[in-house]
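In: Make a model of this:
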Amino acid sequence: MGAVTGIDSLLSPRSLVVVGASPRNVAAVETVVASGVRAWGVNPNRDEVAGLRCYPSVAVLPEVPECAFLMVNHGRVEAAFEDAASAGIRAFVVPGVGAEAGAAAKPTMDFDGRYGSAAGSWTTDMFVEAVYKSINERLRMQAR
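Out: Okay, here's the model as predicted:
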């Protein structure tokens, strides 16, 4: 079962961060708070949302969470993902990716060099999948 190594961090995290915690997604924040899991929010403009303490960035959280909920819009998901991955987070939930419409659905550029593909323009869901595969491969290599 080596292929599912680390899936507990996604399915039953011991800690998590809600990046983009705000009153616009208060139901998700309330669910996190009610879960009893150690959790923090990231919102540079708020100290708390629905009882969840917020920090200005993932880099200043008191510890590295096991999982990140990226509750940001299409235009900010790549930066949020990069920040969380750089901080050491390896499990991600990105609600709504691929469901954008109109101008927000335009392809994302310039990720192919970092994640090993020469496919040209990428959509956000293609990017998230490529980064996820890259992280999993690095973790597999470290486990050997």
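
In: Phi, psi for Ala39 please.
Out: Torsion angles at Ala39 (phi, psi; degrees, to the nearest 10) stand at phi -150, psi 150.

In: in the chain, which spans are strands?
Out: For the chain, the strands defined by DSSP state E occupy 15-19, 38-42, 48-49, 52-55, 67-70, 91-93.

In: Any idea which of those gets closest to Met141?
Out: Closest to Met141 of these, according to CB to CB: strand 91-93, at 18.0 Å. Where C-beta positions appear, they are placed from N, C-alpha and C, glycine not excepted.

In: In terms of secondary structure, what does that closest one contact?
Out: Of the remaining helices and strands, those touching strand 91-93 by 3 or more CB pairs under 8 Å, 6 or more residues apart in numbering; DSSP states H and E are helix 8-11, strand 67-70.

In: The last one pairs with which strands?
Out: Partner strands and pairing direction for strand 67-70 (DSSP bridges) are strand 15-19 (parallel), strand 91-93 (parallel).
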